[in-house]
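Okay, here's the prediction I keep looking at, along with the sequence it came from:
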Amino acid sequence: MSHTEGFVYVATGPHYRAEAARSAASLRTAHPGARICLVAEAAEGPKFWDDFVLLQKPAFGFRDKIAMRRCPYDRFCFLDCDTQVIGDLADVFRLLDHFDFAGHQLFEGHDCPVPGLPDAFPEFNTGILAFRRSPVTEALFDRWLELYDKFSTLLQGGDFHYSNISDQKSLRLALYESSVRLTVLGPEYNFVPQQVEFACAPVRVLHGRGPLSALAARINRRLINRVYVPRFDAILSDEMDTSELRRLWTMSTFQLLRNAGVALTPERLRGALRRSPLVRRIFLRNDFDTPPAHASASWRRPPAP
């Protein structure tokens, strides 16, 4: 890739900067010659980034991510801090030969309908996004920021909805209103293991917090149509190997015991058992469904006025 192309992270706060550095280290393995930019309110530690953009007035929230536009590249791929790159991403830049924008379509977002926006228009996960810089994409970023601030104003007076603090609802509407040429990335480029996720080609990016390296060793073992189910911690396919069948059998047994326990246990005791970390670990397993304990509340909801 030329210096007009590169990757960008946005990380406000020391923990997110450390998390971005870990993700970028995995990116370096897949793309040793790529340029990587960090957009942050401070630079710490040894030089790691090829380019650095100072964010002088961070919001310490999702709004900061829209500052990805300040990276110095004509064509760039944004990655969330909690990603692990396990494959080549060159094809993402090849898409930008023909399109202005590429993102991974979500199977969600329709719980927060937007007036005038058809349900058929998808929402994109902002864990990985690719842009070709042009007047239409600059206008898209302007509108995205405008809409983000507009939806944020709806959070006043204790009326909270996650979609109005997240950056995805505003991006969805901004894309619908724009004239950008957009295309969709498959789930292999933004594989989110905290939910049921499908793949057929090699997975390139894992997105989430938890034992990503352990999953990375398994997810591309067999390149067939497959689905990861976090409750069972198993990769299901028509040709499952012995280790995945064993995982499925073990966790299915636990789920059958759980269903029997729910039917036989008094309601008050059920509530106590649900609060037990050990019970949750055994019967409600999802190794990736854990919010970061360090995260500022501003990343989840705005401070009280």
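That came through, no problem.

Quick check: residue 195 touching residue 229?
No - in this structure, residue 195 is not within contact of residue 229 by C-beta atoms under 8 Å, at 9.3 Å. Where you see a C-beta, it was placed from the backbone N, CA and C, and this is true even at glycine.

Helices along the chain, start to end?
14-30, 90-95, 135-152, 168-177, 212-219, 242-264, 267-274, 277-283 (DSSP state H).

For residue 36, find the nearest of those.
Each of the helices of the chain has some distance to residue 36 by C-beta to C-beta; the shortest is helix 14-30, at 5.3 Å.

From the contact counts, what lies against the closest one?
Packing partners of helix 14-30 (3 or more C-beta pairs under 8 Å, 6 or more residues apart in numbering; DSSP states H and E): strand 5-10, strand 36-40, strand 83-85.

Specify the strand with the largest residue count in this structure.
In the chain, taking DSSP state E as the definition, the longest strand is strand 124-132.

how far out from the middle of the chain is that strand?
Using C-alpha atoms, centre = their mean, to the nearest Å, the mean C-alpha position of strand 124-132 is found 10 Å from that of the whole chain.

What lies in contact with it?
With C-beta atoms under 8 Å, 6 or more residues apart in numbering as the test, strand 124-132 has contacts from 65, 68-69, 74-80, 82-83, 92-93, 95-96, 99-106, 137, 167-168, 171-172, 175, 185, 189-190, 192, 205, 207.

Among these, name the buried ones.
Among the contacts of strand 124-132, those classed as buried by 16 or more other C-beta atoms under 10 Å are 65, 68-69, 75-80, 82-83, 92-93, 95-96, 99-104, 106, 137, 167-168, 171-172, 175, 185, 189-190, 192, 205, 207.

Across the sheet, point out what pairs with the residue nearest to residue 103 when sequence neighbours are not counted.
Once flanking residues are discounted, residue 103 sits nearest to residue 124: 3.6 Å by C-beta to C-beta, 6 or more residues apart in numbering. For residue 124, the beta-bridge partners are residue 105 (DSSP bridges).

show me the contacts for the nearest residue to residue 215 once chain neighbours are set aside.
With C-beta to C-beta, 6+ apart as the criterion, residue 215 has its nearest non-adjacent residue at 5.8 Å, and that residue is residue 193. Residues near residue 193 by C-beta under 8 Å, 6+ apart: 206, 208, 210, 212, 215, 228, 230, 287-288.
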